[in-house]
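Visitor: I need the structure of the sequence given here:
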Amino acid sequence: MPSERLDVVIIGAGHNGLTCACYLAAAGLKVRVVEQRGVVGGAAVTEQFHPGFRNSTASYTVSLLNPKVIRDLRLVERGLQVVERSFSNFVPLPDGNALRFGGDAAATQAEVARFSARDAERLPAYYARLDRLAEQLKQWVLQAPPNLGGPWGVEGWRDVIAAAQLLLKFGRLPREGKRDLVDVFTKSAGDWLDSWFESGPLKAVLGWDSVVGNYASPYAPGSAYVLLHHCFGEVNGKPGKWGHAIGGMGAITQAMAAEARARGVAITLDAPVRRVVVERGSALGVELASGEVVRARAVASNVNPRLLYERLIDSSELPAEFVEAIGRYKCGSGSFRINVALSELPDFAAAPGSNVQPHHASGIVFGPSLEYMDRAWHDAAAQGYARRPIVEMLIPSVVDGTLAPPGRHVASLFCQQFDPHADWGALKAPAVEAIFDVVQAHCPNFRDALLGYRALSPTDLETEFGLVGGDIFHGQLSLDQLFSMRPIMGYARYRGPLSGLYHCGSGAHPGGGVTGAPGHNAAREMIRDLR
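Guide: Have a look, this model is predicted:
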């Protein structure tokens, strides 16, 4: 039977869908969120993966969540607590040495100086340059980009204003600032870092951000922007920091859901969408797999654009040129995700001891050089997966006792590079062993301490969370899929090709990560249209 009339139905209760719902409800609109899984959160969830052990299932660390979203959705009041890392990263090296990176400025310089005095001297200038770039781009995180493609280059008067603001801000930059912006969108992270530094471990710890969720070599053109994308965040008001959400990433989305319900939002779980209801060129609701039809004045999609337009809407309802363009929308992160249950903490050859030490609370990067990361991608492209993968390990149980039994621990392994289109039915088991081999090489007690694990290949990430090609960003962060081209040119201002259809997920500007920004921005556009 048809359900009651709503203002907005949102497909997907991931963090952006919940963010969008909260803002819409605060504006007085009647909103319902439908979610295919039995829990809110999308990829930002905390679940039991081994008896007695819980952890963030897919997304796993906090920094990019926008501070305005945190304030507006009252997440701290709803119980969200984020503990920042004592220092950012620990990089164990094959020779038994290690780089401890990202504490206070003096400590970081002193640590880098052990590998290169020249690099230590250049580090403050590098960060000043990076901060200047990030500040320029962060101005647009909570702004809708101009919609390009109209007869005068832009679509409407709001786009004219946005384009003028963009040009004005770019014009005010000093010449070197303009060069830097061009460089970061076109150059590789490897070329960018090689121009600054000589130390392999330093370039590796900085270059890791360029391959996170990016199925590419750090020497691929455009990977410098992926590096910069991960510099937009903060923890507890401290820019550039990373942290652990107490209770896992699900604590964020549970707080969002609580706030949404308090604002009158209806959230329906175990409710996969069969199709978007389209009549006379307008999106008028969704039909669920149960047969229920949820009608609304507007539909907001928090799913990957490819999933929305290729699986939930018949192509005959869409412009032919749009169908062709969305078919070229690139997805595929090359990411493999494992949660492990441990009887004791990893005992590193480079920092012996299974008692809690500061490095156990950092982001532990198994990837000693850019050359190592480059080989990992070439290996995956040739054989399906890297025989020596890049692995980041986090051990949140050292600061969060809710995740594991006393004296036991959980660790997140976020790994690159794995061909998103490979046969993961055949390759999953050997890929897991390759990942474990990398960790074991630096932590000789790892396999003995391993009590159980849950592994998610790119195919698993797509099947369970709707991450097409395992893409954690809902679409690659390449120059042709950013800003006014996200998801594709002509549809950047959170509106799809059908009247009443909106994009509120990471496939819209400013892209992926647990930010809440696409949900915030889409809600603002929808409120303008629906009020």
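
Visitor: give me the buried positions along stretch 440-457.
Guide: The neighbour-count check on stretch 440-457 (16 or more other Cβ atoms under 10 Å) flags 440, 442-443, 445-446, 449-451, 453-457 as buried. Heads up, the C-betas are built off the backbone N, CA and C, glycines and all.

Visitor: distance between the ends of that stretch?
Guide: For stretch 440-457, the first-to-last residue distance is 20 Å (Cα to Cα, to the nearest Å).

Visitor: just to revisit the earlier point, from the buried residues of stretch 440-457, which land in strands?
Guide: Counting by DSSP state E, those place 450-451, 453-456 in strands.

Visitor: and residue 430, how many neighbours does it have?
Guide: 12 (other Cβ atoms under 10 Å).

Visitor: please shift the residue numbers so they start at 48 in all later answers.
Guide: With 48 as the first residue, the last one maps to residue 477.

Visitor: so how far is the strand or helix carrying it off the chain centroid?
Guide: Per DSSP states H and E: residue 477 is located in helix 471-489. Helix 471-489 sits 23 Å away from the centroid of its parent chain (Cα atoms, centre = their mean, to the nearest Å).

Visitor: helices or strands up against that helix?
Guide: Under the contact criterion of 3 or more Cβ pairs under 8 Å, 6 or more residues apart in numbering; DSSP states H and E, helix 471-489 touches strand 383-389, strand 410-413, strand 432-441, strand 456-465, helix 493-496, strand 497-503, helix 505-512.

Visitor: one more time with 6 Å
Guide: Judged by 3 or more Cβ pairs under 6 Å, 6 or more residues apart in numbering; DSSP states H and E, the packing partners of helix 471-489 are strand 432-441, helix 493-496.

Visitor: buried stuff in that helix?
Guide: In helix 471-489, counting by 16+ other Cβ under 10 Å, buried: 471, 474-475, 478-479, 481-483, 485-487, 489.

Visitor: circling back to that earlier point, with distance to residue 302 added, can I get the ones in strands among the buried residues of stretch 487-504 in TSV?
Guide: Listed next are those as TSV, based on distance: Cβ to Cβ, whole Å:
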residue	distance to residue 302
497	32
498	30
500	28
501	24
502	28
503	24
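
Visitor: just put the residues you listed in JSON lines and tack on pLDDT.
Guide: Output for these, formatted as JSON lines (pLDDT from 0 to 100):
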{"residue": "497", "pLDDT": "98"}
{"residue": "498", "pLDDT": "98"}
{"residue": "500", "pLDDT": "98"}
{"residue": "501", "pLDDT": "98"}
{"residue": "502", "pLDDT": "98"}
{"residue": "503", "pLDDT": "98"}
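
Visitor: nearest to residue 194 among the residues you listed?
Guide: Nearest to residue 194 among those: residue 503, at 35.5 Å, using Cβ to Cβ.

Visitor: ok, the spatially closest residue to the closest one that is not a sequence neighbour - how many residues close by?
Guide: Closest residue in space to residue 503, ignoring its immediate chain neighbours: residue 384 at 4.4 Å, by Cβ to Cβ, 6 or more residues apart in numbering. Residue 384: 25 surrounding residues under other Cβ under 10 Å.

Visitor: separation between residue 384 and residue 500?
Guide: Separation of residue 384 from residue 500 (Cβ to Cβ, to the nearest Å): 11 Å.

Visitor: picking up where we left off before, and among the helices and strands packed on helix 471-489, the most buried is which?
Guide: strand 432-441 (a mean of 23; mean count of other Cβ atoms under 10 Å).

Visitor: list the contacts of that strand.
Guide: With Cβ atoms under 6 Å, 6 or more residues apart in numbering as the test, strand 432-441 has contacts from 107, 410-414, 420, 423, 426-427, 458-465, 474, 478, 481-482, 485.

Visitor: against residue 338, how distant is the residue nearest to residue 335 when sequence neighbours are not counted?
Guide: Using Cβ to Cβ, 6+ apart and skipping the chain neighbours, the partner closest in space to residue 335 is residue 318 (5.2 Å). Distance of residue 318 to residue 338, computed by Cβ to Cβ: 11 Å.

Visitor: please apply the same query to residue 98.
Guide: 37 Å.

Visitor: give me the three-state assignment for the residue nearest to residue 335.
Guide: coil (DSSP: H, G, I helix; E, B strand; the rest coil).

Visitor: what does the pLDDT read for it?
Guide: pLDDT for residue 318: 98.

Visitor: still on that earlier bit, could you tell me the angle between the helix holding residue 477 and strand 432-441?
Guide: 60 degrees (axes from the mean of the first three to the mean of the last three Cα atoms, to 10 degrees).

Visitor: which residues are in contact with helix 471-489?
Guide: So helix 471-489 is contacted by 139, 395-396, 413, 431-432, 434, 436, 438, 462, 493-494, 502, 504, 506 (Cβ under 6 Å, 6+ apart).

Visitor: let's go with 7 Å and repeat that
Guide: Applying Cβ atoms under 7 Å, 6 or more residues apart in numbering, the contact partners of helix 471-489 are 139, 383, 385, 395-397, 413, 431-436, 438, 440, 460, 462, 465, 493-494, 502, 504-506.
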